[in-house]
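*Asks:* build the 3D model from these lines:
(2 chains)
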Amino acid sequence: DAGVTQSPTHLIKTRGQHVTLRCSPISGHKSVSWYQQVLGQGPQFIFQYYEKEERGRGNFPDRFSARQFPNYSSELNVNALLLGDSALYLCASSLVVGEQFFGPGTRLTVL
Amino acid sequence: AQRVTQPEKLLSVFKGAPVELKCNYSYSGSPELFWYVQYSRQRLQLLLRHISRESIKGFTADLNKGETSFHLKKPFAQEEDSAMYYCALSGEGSGNTGKLIFGQGTTLQVKP
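*Replies:* Alright, predicted model coming up:
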């Protein structure tokens, strides 16, 4: 198992555009969480999905949305991008109880 | 409000010296506390969690509810311990670890 995978690795967008980030969890993991990590800070919780249902949402605007598919993979969507959305976006998967396993992240740059 | 504070951005020690990475938290219930580590060019990974009471790579951390602290300690630092360390808490109570609140992180630099 390759662990949690995320795509793309890097991407560059301009203000106002929208972006879709993808995450494939470890086989057997039904919970996927998304985090935003701005340079110099710790990861900040955005969403958790479990069994395709949103289980929690952090303090992020409605421009941020996510979903989980029947195969437990997940997408994070961000609309109307702002310069401040530039960050590393991390995905983590877990059994609901237990260790979270993180992916390598997607580096988003908004110009 | 739930919060995790790591007061030091950088901690620099010599090889063989003791290490203590500080973590304080704010949470009104019974949180579950974690330490995550990120080595250079690697992904974030769990180092230890307070409920398991394990010692991983020589590191230990004790939850002090009175002082709301969860400091990470190692008696003798090794060069391979150089990394970014994050303290995190989960306040879900039901064992759901999918919502973690992270501190800002401390870079540990172990000099030869």
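*Asks:* for chain A, see how far away B:Gln38 is.
*Replies:* 9 Å (C-beta to the nearest C-beta, to the nearest Å). Heads up, the C-betas are built off the backbone N, CA and C, glycines and all.
*Asks:* how about B:Lys99?
*Replies:* 5 Å.
*Asks:* what does B:Lys111 give?
*Replies:* Distance, B:Lys111 to chain A, by C-beta to the nearest C-beta: 22 Å.
*Asks:* looks like that residue contacts B:Val13 (just checking).
*Replies:* Yes - contact between B:Lys111 and B:Val13 holds when scored by C-beta atoms under 8 Å: they sit 7.1 Å apart.
*Asks:* those two: who's more crowded?
*Replies:* Neighbour totals were compared for B:Lys111 and B:Val13, and B:Val13 leads with 17 against 11 (other C-beta atoms under 10 Å in any protein chain shown).
*Asks:* neighbours around the nearest residue to that one once chain neighbours are set aside, how many?
*Replies:* Spatially, and ignoring its direct neighbours in sequence, B:Val13 is nearest to B:Ala77 (5.2 Å; C-beta to C-beta, 6 or more residues apart in numbering or on different chains). If you count neighbours by other C-beta under 10 Å, B:Ala77 ends up with 21.
*Asks:* which stretch of helix or strand covers B:Ala77?
*Replies:* Secondary structure from DSSP states H and E places B:Ala77 outside every helix and strand.
*Asks:* just checking, it touches B:Lys111?
*Replies:* No - distance between B:Ala77 and B:Lys111: 9.1 Å, which falls outside the contact criterion (C-beta under 8 Å).
*Asks:* any common contacting residues for these two?
*Replies:* B:13-15 (C-beta atoms under 8 Å, 6 or more residues apart in numbering or on different chains).
*Asks:* give me the nearest residue to the one residue in chain B that gets nearest to chain A, chain neighbours excluded.
*Replies:* In chain B, no residue comes nearer to chain A than B:Phe102, which is 3.3 Å away by C-beta to the nearest C-beta. Among residues not flanking B:Phe102 along the chain, A:Gly42 sits closest, at 3.3 Å (C-beta to C-beta, 6+ apart).
*Asks:* what's the distance between the one you found and A:Ser7?
*Replies:* Distance of A:Gly42 to A:Ser7, given as C-beta to C-beta, to the nearest Å: 23 Å.
*Asks:* settle it for me: which of the two has more neighbours?
*Replies:* Legend: neighbour count by other C-beta under 10 Å for A:Gly42 and A:Ser7, higher for A:Gly42 (21 against 13).
*Asks:* quick one: secondary structure of that one?
*Replies:* coil (DSSP: H, G, I helix; E, B strand; the rest coil).
*Asks:* torsion angles phi and psi at it?
*Replies:* phi -80, psi 160 (degrees, to the nearest 10).
*Asks:* which residues touch A:Leu88?
*Replies:* A:36-39, A:105-108.
*Asks:* in which helix or strand would I find the residue nearest to the spatial centre of chain B?
*Replies:* Compute the mean C-alpha point of chain B, and by C-alpha atoms, centre = their mean the closest residue is B:Trp35, 3.3 Å away. Taking DSSP H and E as the criterion, B:Trp35 maps to strand B:32-38.
*Asks:* no further questions, thank you.
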